[in-house]
Every structure is written in structure tokens, then in C-alpha cells.
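**Student:** Coordinates only, no sequence provided:
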Ligand SMILES: Nc1ncnc2c1ncn2[C@@H]1O[C@H](COP(=O)(O)OP(=O)(O)OP(=O)(O)O)[C@@H](O)[C@H]1O
């Protein structure tokens, strides 16, 4: 059962219709075959008993029924074919959507541990294997099993000794395949890993191609890629090289059964224990069932391999998603109460407590790696803290529906991602149903209307993947327009560290000022002059809050903030005088 669950990526019910119709089609296949055997019997009868004339009339009847049965078979095969392919493609399409949704609900902590190439490959490659399993492997195996079983039953009635000889070696063939099942699984898993690794390396190579060129790493990176391709090739050869002989040995045992049957048949014929017609019938059936049996063995090995792809999907679907069903409260103040958190083992935040009241501007300041971005990620509930609580109003985020929470929050981060879509649609990610006028209004407020209208197709201009055709400042302003359109009460802002030209910087600052007006703003500040008017500043060092207060208070305290402030003043001075 678990095999069927795996091969269908957790939806074994998808097999019901294809299996039903395929069984029907396979049973229907037996009718023309039985008629063929009857025709052979009629033709050979005069040879076996010279006194009996050839029964032409009956032969014509058999031929007529053969035509009818072939028509019937065709009519049964059509729904079988349709349900196999419909079942396969709809299961994979629904499965892909389900998995994509599941991925969105998993914690970022889990996703960070997985390679994105691995996940993409699972979405496309593994589901293609599931499709193939439902559309080809299961029906073929079914067909390959039904036909021989019917033949065993039928032939046993005609002559048990001959039937026994024909199938004597068959259990050995099955045993051989089943006994090596563990090896097949291990080889399959190693092959699959090599395939994933090659896909990951390829994705890494393509994603980093600019850096590779810029730093002249072409040789080094290419070696890694080439090595993974070579490993994939070796594993492919290994799996074929080791499994091939096993399957061939099993096929040899089936063939041996056929030879044994012929030998027993000749012996019985000579002894006068069977007549010529029986012998011919066994020969006819014996050679016909050889192909489906061989196909069943080959299919089984393939089935086990494809099953592993489905199993990977089933495992990923069983990964626990971020829980919480409560809707966020009406209050929009954010609190961190004794929060500790670590991405892997080591804590990145230690017992951090903060309060960001409604409508206030709170800045997070601190050296690189002190944990500022981590605080933001916990507020957006990308992760849950290992200790302590993050609260919206007085409600812990862990009890809250993560998607409902995100509808309250707008994020403007440094690394803006734009989708391969029009500029208008990229802004519309803030509010799906926004009209063109609303989109343009948001763009005007975010100081990007002007540059957008100068583009060849204005708002309908397509943006390259990741926003590659726009400048950093332009992308940032588009992301601000998105946030303005979303109109969420809480804004998480990560100030750009990259130095922008003064005009761009002034425009971004203007856009941000529009965005944050009257909202609860939590901002990571790299340039302290931008937060002189902040309502509260939290200074972080090594994952702990070391100071908090307003700019003037903190400067007077002469602590870390004062040192950072002094340092930035000096750097600015140096810049001016240079
Ligand atoms: N996804 C991650 N997995 C593992 N460790 C991480 C991850 N993201 C951040 N860290 C680690 O957590 C620590 C805090 O990182 P964080 O990004 O919160 O610092 P930051 O103060 O925002 O730094 P910066 O100003 O340089 O952006 C760092 O030591 C960093 O290496």
C-alpha cells in the first residue's frame, strides 16, 4: 500500500479509475487470445485426428467473433487510456500546486536547510516520474500480471503437468527480483542523489554566472559542475550495470520455464499422454505470455525507482507547517518579550525585549551580525523564537495564522525581488485587485511614476527575472510603491546600505517618508543621521539589546551608539574633506 501511496505522491485514489479500466481492457484482451487458441485447435484438429475434417464453418464463426472482440477491446482500451493519462496529469498538477502551497507554509528555517535546486527539481522532475508511474508503470504492470494469471488458471485446466513445467521457474525469477529489492532501492537512492546534486550545481552555476565571470572563477566553478555531471553519469552506469544482470537473470529463469515446458511436452507427446493440439496450444500461450512477464520484471525495477521520487514528495508534504489559526487583533503594537533564537544551534538573539507602540518609529541599530535582520524576521514570523514570545497587540504570533499576520505587515528590504512580469503587476503584488489608477497613484507617491512612463511600454514593460533590467534605486522605489499600495499598518524597513547617488537617495527618502506616515515603523538603520527623530532606538550587540532610547539620550550615554555615531560623523567628515 505504501508503494502505491508513494508512486501517486500521496494520492493512491488517483489509481482507482485507471486500474479499473485497465483491468477491464486486460480482461477484454483475453477474449481474442482465447479465440486465437480455438482457431489453432480447429486448424490442428485434422492433423491430430485424420478422421475429423476441418470445421470451416466454426472457423468462420471464430474469425467473426475475433473481429467483434477486437472492436470490444478497442472500446475498453479508450477509457483505460484516457483515465491513465487524465489521472496522471491531473494528479501531478494538483500535487504540484499542493506542494507549492505547502512550501509557502513551511518555516524559513526548514527551507533554508533545503537546496532551492532540489525543490525545483522535485516540482518538475519528481512529479514527471509520478506522472509516468500512473500513466505507464502501474497499468503496464497490471496488464503484465493479469494476462499470465489468467493463462496459469486456463492452462492448469487443460494439462496441469505442462502448466507446472511452464511456470516452474517463475517463482525463482520473482524471488530473485524481490530479494534484490533492497539493493535496487539503495542504488536508486544514490542515483537520485547524484541527479539532484547535478541539478543543484547547475542551478548554482547559472545563478552565479555573473560573479563567476567577474571573479574569473569559470574554471573552478565549472570543475564542480563537471564533477557532478560525471558522478551522475557514473551512478547511471552503476544502476544499469548492477540491476541489468539481475533482471536479465530473472528473464532467463522465465525462458527456462518455456524450454522446460517444451521438453516435458515432447516427452508427454511421445508417451502419448497428450495430443498434438494440447501441445500446440501450450506453445502458443507459452510464447505469448513470455513478453508480458518480462515486461513485468523490467517494470517492477522501474517502478521501485519512480516510487522513490513520489516518496520524496510525500515526505516533504508531511513536514510540519507553521501552525496558528487566530486572526490578528485590532491593535498594531509589536512586542518582543524575552526572545531568544538561533538559526542552527548557536543563539543569535539572547533574551531580547522590545516594544514598538502603534504609530511610532523604532530604529534597530548595531554592528553587522548583531541580529537586527533576525528581529525583523521574527516579527514577520518567518521563524518562531526558541524562547520568549513575539506579540502583536497582546496576542502571541505563534497562535496567529501566518498569512493573516503578513497582511498586516509591509516589508521594504534591501534585496528587492521583482517577478518576471509587467511593472504594473509587480506593484500590484501589494494589492491584487488594485486598479490601474491606484497602481499609478502608489507609483507617484513612491517617486517612480516618472521613470516608469519613460520606459518603452510604460507600466506594461516587462521586468527581467529578479528585476535585472532596472537599477537598484528603481527597484527599491517599486518595492516602496508595492508597500504603499498594500497600505499595511506595520512597516518593516531595511535601509539600503549600498551608496546611492544623491538624487536617487533623496527620492527614496521621500518615498519612504510617504510610506511610513502614521504607521508603526520598525527600521534597520545603517546611517544614523536618518534616525535622529526616531521615537525609540534599540542598540543591539551580539544578539542582545545593550542600549535603548532617543538619539540625544544615547549620544549622551557615551556607549556603543555614541561610538557608532562618532565614527559615522568622522567618516562623513573624511568623505567631505577628501
Ligand atoms: N539564514 C541564516 N542561517 C544561519 N545563520 C544566519 C542566517 N541569517 C543570519 N545568520 C547569522 O545570524 C547572525 C545575525 O544575523 P543578522 O542578519 O540578524 O544580523 P544583522 O545585524 O542584520 O547584520 P547586517 O547588518 O550585516 O545585515 C549572524 O551571525 C549571521 O551569520
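**Tutor:** Perfect, thanks for sending it. Quick caveat, the model's predicted, so the values are computed rather than measured.
**Student:** buried residues in the helix or strand where residue 507 lies?
**Tutor:** Residue 507 is part of helix 502-516 when elements are defined by DSSP states H and E. For helix 502-516, the neighbour count (16 or more other C-beta atoms under 10 Å) marks 504, 507, 508, 511, 512, 515, 516 as buried. For glycine as for every other residue, the C-beta is placed from the backbone atoms N, C-alpha and C.
**Student:** quick one: the helix or strand just after that helix to chain centroid distance?
**Tutor:** Sequence-wise, the next helix or strand downstream of helix 502-516 (DSSP H and E) is strand 520-524. Taking C-alpha atoms, centre = their mean, to the nearest Å, one finds the center of strand 520-524 at 35 Å from the center of the full chain.
**Student:** So which elements touch the helix or strand hosting residue 410?
**Tutor:** Residue 410 belongs to strand 409-412 when assigned by DSSP H and E. Here strand 409-412 touches helix 472-486, strand 490-494, helix 502-516, going by 3 or more C-beta pairs under 8 Å, 6 or more residues apart in numbering; DSSP states H and E.
**Student:** What angle do helix 472-486 and the last one make with each other?
**Tutor:** Per axes from the mean of the first three to the mean of the last three C-alpha atoms, to 10 degrees, the angle that helix 502-516 makes with helix 472-486 is 10 degrees.
**Student:** about what we covered before: who touches the helix holding residue 507?
**Tutor:** Helix 502-516 is contacted by residues 361, 410, 412, 445-448, 471, 473, 476-477, 480-481, 483-484, 491, 493, 496, 500, 530 when judged by C-beta atoms under 8 Å, 6 or more residues apart in numbering.
**Student:** hmm, try it at 6 Å
**Tutor:** With contacts defined as C-beta atoms under 6 Å, 6 or more residues apart in numbering, helix 502-516 is touched by 445, 446, 447, 473, 476, 477, 480, 483, 484, 491.
**Student:** Point me to the residue of the stretch 101-250 of the chain nearest the ligand.
**Tutor:** Closest to the ligand within the stretch 101-250 of the chain is residue 112: 4.9 Å, counting by C-beta to the nearest ligand atom.
**Student:** mind listing what that residue touches?
**Tutor:** Residue 112 neighbours (C-beta under 6 Å, 6+ apart): none.
**Student:** Adjacent strands (with direction) for the strand holding residue 410?
**Tutor:** Here strand 409-412 is paired, per DSSP bridges, with strand 490-494 (parallel).
**Student:** what comes into contact with the strand it pairs with?
**Tutor:** 332, 376, 408-414, 516, 519-524.
**Student:** cool, and stretch 312-320?
**Tutor:** Contacts for stretch 312-320 (C-beta under 6 Å, 6+ apart): 6, 9, 10, 102, 106, 126.
**Student:** quick one: which of those residues is nearest residue 35?
**Tutor:** residue 6 (39.3 Å; C-beta to C-beta).
**Student:** before we move on, back to that, and the helices and strands packed on strand 409-412, which one is worst for confidence?
**Tutor:** Among the helices and strands packed on strand 409-412, helix 502-516 has the lowest mean pLDDT, at a mean of 75.
**Student:** Next, the angle strand 520-524 makes with that helix.
**Tutor:** 150 degrees.
**Student:** chain center to helix 502-516, what's the gap?
**Tutor:** Distance, centroid of helix 502-516 to centroid of chain: 39 Å (C-alpha atoms, centre = their mean).
**Student:** re earlier: what about the contacts of stretch 312-320, which are in helices?
**Tutor:** Of the contacts of stretch 312-320, the ones assigned to helices by DSSP state H are 6, 102.
**Student:** Drop anything exposed from the contacts of stretch 312-320.
**Tutor:** By 16+ other C-beta under 10 Å, the contacts of stretch 312-320 give 6, 9, 10, 126 as buried.
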